[in-house]
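**Student:** Here is my input; please provide its structure:
(chains A and B)
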Amino acid sequence: MRLVTFTRFRFLTILALSMLALTPEAFAVDTATRATGFKLANGMDVVVIPDHRSPVVTHMVWYRVGSADEVRGKSGIAHFLEHLMFKSTDKIPVGEFSKIVSRLGGQDNAFTGHDTTAYFQHVAKDRLGKMMEMEADRMVNLRLDEKEVLTERNVILEERRSRIDNNPSALLDEQMNAALYLNDPYGTPVIGWYHEMQQLSRQDALTFYKHYYAPNNAILIVSGDVTPDEVKTLAEQTYGKIPTNPDVTTVRHRPSEPPPIAARRLELKDPRAGNYSMQRYYLTPSYVTAKPGEAEALDLLMKIAGSGTTSRIYKKLVVESKLATSAGGDYSGSSLDSGTISLYAVAADGVPLPKVEAAIDDVIADVVKNGVTEAELARAKRSYLADYIYESDNQATLARRYGWNLAIGRTVADVEGWPAAISKVTADDVKKVAGEYFNLKASVTGYLIPDQSGVAQAEDVPPPSANSELR
Amino acid sequence: MQTLSRETATVVRAVARHNIAVALAMLTSFAFLSFSRPAAAMNIQQITSPGGIHAWLVEEHSVPLISLRYAFDGGNSQDPEGKAGVANFITAMMDEGAGNLTSEEYQERMEDISMRMRYDDTKDSLYGSFETLTANRDKAAELLKLSVQKPRFDDDAVERIRQQLIANIIYADKDPSKVAMREWYAQAFAGHPYARPSSGTVETVSKIKRDDLVAYHKRIFARDNLKVVAVGDISPAELGKLIDDVFGGLPAKADLFPVAKVQPLTGGSQCVVEMGVPQSVAVFGLGAMPRKDPDFMAAFVVNHILGGGGFSAKLMEEVREKRGLAYSVYTYIQPDRYTSILVGSVATKNASMGDSLNIIRNEMKKMAENGPTEADLNAAKSYLTGSYALRFDTNSKIASQLLGLMQEGFGPDYVENRNKMIDAVTLADAKRVAARLLKPDDLIVTVVGKPDGMKSEIPAAQSRVAAPTRG
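**Tutor:** I've put the predicted structure just below:
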């Protein structure tokens, strides 16, 4: 499973700055966005990231639960519950949550990944207390009506059609993940398999909710025009009053992968495919599972090999040999279980995919054999540092970076130590991870082939054993 | 978005509650959102460079960044007849070599100094955005200057980008939502430049020659149709020098083709494009008030209540929340320079498209006949005024908001008056304007998919193109 790319850790320290020999004035911002972390008495983690440029705040609650924690056969329940969290509580009538936020001039939304589920509001600073009150209320007081649940189930089925079934690239991604992970639940799509989504019930949602939604399984992130003291006071008055759930622990056990022994390949034929294209995913460690320095080396490796028009893959396939119209790759390491390297290329007109694939393999073989140059490495490091400065313009981006990392078990110190860790990576480190993790036995290669023979799609099928709730 | 770009693959990884945010993010590149301004005092300086170029500046020295956003009037409605896609082609060529630097050299230098630059085209404008770290300002400005004044359009780069653009078009041609929007414009504005596909077609892009790019650049990139906004770590004097360096060498006057004012065809039509997808996508819309119409603000508020306000909007309530028919349904008002439209979209399984559109028509009709309630109006005003500040919490958001204002001919004082204008909309105004705006019989509807029981019904076209006016 590769996670959304905004999760990359790009925080700097003064140490990293001086090591990279960029002009110091460029990094005056560094201390302005340093986060403060603490814990409430009931076990809820809190992180505050002050930014006083504008009188607004981003308020997020992250739960340490995602779709990879679902019981087998109930795929999609984590995301379904996320939708249902907007229904009602004793205090808030059906559908009113978002309307209240809206009347207060705020914006709200939520999202689910394999490792986490998060809820957030973006509001004027004087509304923060109200947001905390409402979010704390629905952490324990959710009320679900059977009819509301069934209506919302149709919404998530439409969401699946919009995001996956109407898009052959998304279908290929889904199939490739399913093939890459033999045992780990990252092989199951976050939104769920269609036939299982059709059967998710009110009770499934409540069971999941009652176990996982608790202050000791949650992380509060507030960024923007606030101080840690203000947040602490408000948090104690709201979240702080919710009792700990002793049944949920922060240690998360997932089925692990057996040793990989076979390269996997698949092809998806679809008339909507556009051009011939290919992708490849490799299993790698993540920031959580890697040995010290490995994940950082993988980040730099893929920046050099696959990011943008100056990357090796783009230059070789698109500029020089003209076998592809676009090509690249990246490393996604912000996950609890494994991370992935992914590569992709869209074939130029008339170029057979095996030829494109062979060209990518040549680039990879060269990196594995000869490593990267010092100049490439320095440029890649500089690029990460600059990204940090650019991202410090956006309080919501900062909030997500801390939230995501804490949700997978990392700490504020890990996040803020990342630039120093990146700066320590040597060309040898990069060569070493390239040699170790460009391993075809731990990979899946997918071809997307335009073909008129029929659309790949999830059909509306009667559930194999329809239960009474479906009628 | 390319077939297998990282963006595409990333979208499916974290599944959000709804994609209104995505729709809004997309729309922020258009001028119409620009009237949402912060109440917060923000010091907008109007400066004129020594060379006579006018710009707005918001100084913000707490982050060592400079954001520049600029626009040339023109956009893709200035593509020559039979060569749709020239403006879009240019936007992809601006970092492909300039002055004495080849494409590869140019991009490596950009990366070396961590400068960011991108170009976008809309119907009426060609936008540029540029960000640099303060420390690298002079070097970055030099590179930007080369791009703006001396793009090379080398043959190999032209051919490489052409292949990418064609791949994008082939992909977009199979994306039901893109096809539905393209067809909507083709139906609404038959005979007008707005009816042409903005990125061109495979046929037109194949025909575009280097000379076409050179000619377009010469006609559009000029000082008299340039608008510039800067936000960040720069003084007025430094900005004056920077914009003179970058833009001062451009021709004094642009040479725009005349474009006629136009209204979408009235009388209603329905166009069904068959595509084998599990979910149909519809785009529906009609003519709206121009930006400077005295009723525009009331129309904006009415649209918010009908379809623009996320979960508080009537369409979301009826289509998604009550019936579970769709994941997303929304409308927005887009005042372009030569027209103004209210347009929306819904996606639902093929069997539900007819029902969904009937519900949408019915809600429009109800709103036209009865207008909103007092409570609806108050909730909308409360959101629209209260969320004002959220549009100004990052440097880059401020820059694009202010640029929109400049383009629409407003002064910086708009920022302070905007909330008063929203508050001044009375219930009587909202009812009157709802009746003026919402005419379900005039709806132009395009559907892509295999919607049950729906066929194309297109009356003989009548041209609504007025006499051309000079751009």
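**Student:** Can you name the residue of the stretch 301-450 of chain A nearest to chain B?
**Tutor:** A:A386 (3.1 Å; CB to the nearest CB). C-betas here are computed from N, CA, C, even on glycine.
**Student:** check contacts around that residue.
**Tutor:** B:114, B:133 (CB atoms under 8 Å, 6 or more residues apart in numbering or on different chains).
**Student:** swap in B:A252?
**Tutor:** By CB under 8 Å, 6+ apart, the residues touching B:A252 are B:222-224.
**Student:** In strands, which of the residues you listed appear?
**Tutor:** For the contacts of B:A252, not one is inside strands, with DSSP state E as the criterion.
**Student:** on that earlier part again, how far out from the middle of the chain is the helix or strand hosting the residue of the stretch 301-450 of chain A closest to chain B?
**Tutor:** Using DSSP states H and E, A:A386 sits in helix A:374-391. On the basis of CA atoms, centre = their mean, to the nearest Å, helix A:374-391 sits 22 Å off its chain's mean C-alpha point.
**Student:** ok so, going back, just the buried members of the contacts of B:A252?
**Tutor:** B:222-223 (16 or more other CB atoms under 10 Å in any protein chain shown).
**Student:** What's opposite the nearest residue to A:L180 once chain neighbours are set aside in the beta bridge?
**Tutor:** Leaving out its chain neighbours, the residue that sits closest to A:L180 by CB to CB, 6 or more residues apart in numbering or on different chains is A:V444, at 4.5 Å. Partner residues in beta bridges with A:V444, using DSSP bridges, are A:R264, A:Y281.
**Student:** measure A:V444 to A:L377 for me?
**Tutor:** Plainly put, A:V444 is 29 Å away from A:L377 if you go by CB to CB, to the nearest Å.
**Student:** Next: B:R418.
**Tutor:** From B:R418 to A:L377 the distance is 49 Å (CB to CB).
**Student:** for the stretch 101-250 of chain B, what spans make up the helices?
**Tutor:** B:103-112, B:137-149, B:155-172, B:176-188, B:202-207, B:210-220, B:236-247 (DSSP state H, counting those that start in this stretch).
**Student:** anything in the second one near chain A?
**Tutor:** No. Judged by CB under 8 Å from any CB of the partner chain, helix B:137-149 and chain A are separated, with a smallest distance of 10.2 Å.
**Student:** Kindly confirm my reading that A:I191 forms part of a strand.
**Tutor:** No. With DSSP: H, G, I helix; E, B strand; the rest coil as the criterion, A:I191 is coil rather than part of a strand.
**Student:** can you count the residues close to it?
**Tutor:** Residue crowding around A:I191 was assessed by other CB atoms under 10 Å in any protein chain shown; the count is 24.
**Student:** What residues of stretch B:266-275 count as buried?
**Tutor:** Applying a neighbour-count criterion of 16+ other CB under 10 Å, one finds B:266, B:268-273, B:275 buried in stretch B:266-275.
**Student:** Just send the residues you listed back as a markdown table, with distance to chain A and pLDDT too.
**Tutor:** Listed next are the buried residues of stretch B:266-275 as a markdown table, based on distance: CB to the nearest CB, whole Å; pLDDT from 0 to 100:
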| residue | distance to chain A | pLDDT |
| --- | --- | --- |
| B:T266 | 31 | 94 |
| B:G268 | 26 | 95 |
| B:S269 | 24 | 95 |
| B:Q270 | 21 | 96 |
| B:C271 | 19 | 96 |
| B:V272 | 16 | 97 |
| B:V273 | 13 | 97 |
| B:M275 | 8 | 95 |
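**Student:** The stretch 351-471 of chain B: helices as residue ranges?
**Tutor:** Using DSSP H, counting those that start in this stretch, the helices found in the stretch 351-471 of chain B span residues B:353-370, B:374-386, B:395-407, B:414-423, B:427-437.
**Student:** hey, C-alpha coordinates of the fourth one in CSV?
**Tutor:** Extracted in CSV, the C-alpha atoms of helix B:414-423 (Å, rounded to 0.1, in the frame of the first residue of the first chain):
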residue,chain,number,x,y,z
TYR,B,414,-13.1,45.3,-2.5
VAL,B,415,-11.5,43.2,0.2
GLU,B,416,-13.0,45.3,2.9
ASN,B,417,-16.4,45.8,1.3
ARG,B,418,-17.1,42.3,0.2
ASN,B,419,-18.8,41.0,3.3
LYS,B,420,-21.0,44.0,3.5
MET,B,421,-22.2,43.2,-0.1
ILE,B,422,-23.1,39.7,0.9
ASP,B,423,-24.9,40.9,4.1
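**Student:** Distance from that helix to the middle of the chain?
**Tutor:** How far helix B:414-423 lies from its chain's middle: 22 Å, per CA atoms, centre = their mean.
**Student:** Kindly report the same for stretch A:137-148.
**Tutor:** Distance of stretch A:137-148 from its chain centroid, counting by CA atoms, centre = their mean, is 26 Å.
**Student:** now do stretch A:41-54
**Tutor:** On CA atoms, centre = their mean, the centre of stretch A:41-54 falls 21 Å from that of its chain.
**Student:** Buried residues of it, list them for me.
**Tutor:** Within stretch A:41-54, the residues scored as buried using 16+ other CB under 10 Å are A:42-51, A:53-54.
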